[in-house]
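1. Here's my sequence, what's the structure:
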Amino acid sequence: MTRILVVDDEPAIRRLLSGILERGGYQVELAENVREAISAVERSRIDAVLLDLGLPDRDGLEAISAIRTKHDVPIIVVTARDDTAEKIAALDLGADDYVTKPFDCDELLARLRSALRRSGKAGSADAVLTFGPVMLDTAHHRATCREEPVMLTPREFSVLATLMEAGGRILTHAAILERVWGKAHVGDIDYLRVVIRALRLKLEIDPSQPVLIRNEPGIGYRLMECPSSK
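-> Take a look at the predicted model:
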């Protein structure tokens, strides 16, 4: 499994990133400062690093420099610093990408997948997901249903992937919204309803009588096994 090192001194950010990454199929290791980050890269097989710059012991730029002297692991800076000079400095030192907080979860995962592919380190998180008649190729953003191509928007793709990764378990509205839209939107159920309606139109044999995407009233949604024939 692809292992991602999250380096951030804020527990809330570490929890948020851990949840996003684990739901995306990644294994997560955590560090709170530059010393722990360098130690983790030295002792473990780390496939990519998500790195904050405002760390308590040393500046995150020093971590980039130290890691780059020995390792070619992809480094994505995830920081509140939005100064152009900081961004240039990080990239010049060897960072692969730079994401400013607050970030969009989908965009961050897409940038991570891109960095992993460029480095040749893409692993199981880029696997093809299958559930009943639906197949998603997460690496190439392709979907098929009953062996027919389906055009999905990025939001539709992310919601469907989230449901497929749950393997038939119920996911609450809040869980799906946090995963796809971010923590600030956990109460925006109407956003989710619009996407679910669009997915049913594209995936269900009879959208008025859905059998694949099941609504659990007052709770959330889950995928159900259903016949693959038309």
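2. C-alpha from now on. contacts and neighbour counts both.
-> Will do.
3. Tell me if Val77 really is in a strand.
-> Yes - counting by DSSP: H, G, I helix; E, B strand; the rest coil, Val77 is found in a strand.
4. and it, how far is that from Asp8?
-> Going from Val77 to Asp8 by CA to CA, to the nearest Å gives 10 Å.
5. mind listing what Pro149 touches?
-> The contact partners of Pro149, by CA atoms under 8 Å, 6 or more residues apart in numbering, come to Arg142, Ala143.
6. Remind me which helix or strand it belongs to.
-> strand 148-150 (DSSP states H and E).
7. Mutual contacts of Val77 and Asp8, please.
-> Here Val77 and Asp8 have Leu51, Asp52 as joint contacts, going by CA under 8 Å, 6+ apart.
8. Let me see the domain layout of this structure.
-> By the assignment in automatic domain parsing, the chain contains the domains 3-124, 127-223.
9. May I see those domains organised as JSON lines, with mean pLDDT added?
-> Compiled in JSON lines, the domains of the chain are given as follows (pLDDT from 0 to 100):
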{"stretch": "domain 3-124", "mean pLDDT": "89"}
{"stretch": "domain 127-223", "mean pLDDT": "89"}
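10. now Leu112: how far from Gly168?
-> Taking CA to CA, one finds Leu112 at 26 Å from Gly168.
11. neighbour-wise, which of the two wins?
-> Neighbours per residue (other CA atoms under 10 Å) separate Leu112 from Gly168, with Leu112 holding more: 23 against 16.
12. name the helices or strands packed onto the helix or strand hosting Leu177?
-> Here Leu177 is covered by helix 173-180, with elements defined by DSSP H and E. On a contact count with 3 or more CA pairs under 8 Å, 6 or more residues apart in numbering; DSSP states H and E, helix 173-180 meets helix 105-119, helix 154-165, helix 189-203.
13. Of all these, which one is nearest Tyr26?
-> Tyr26 lies closest, by CA to CA, to one member of these: helix 105-119, at 10.5 Å.
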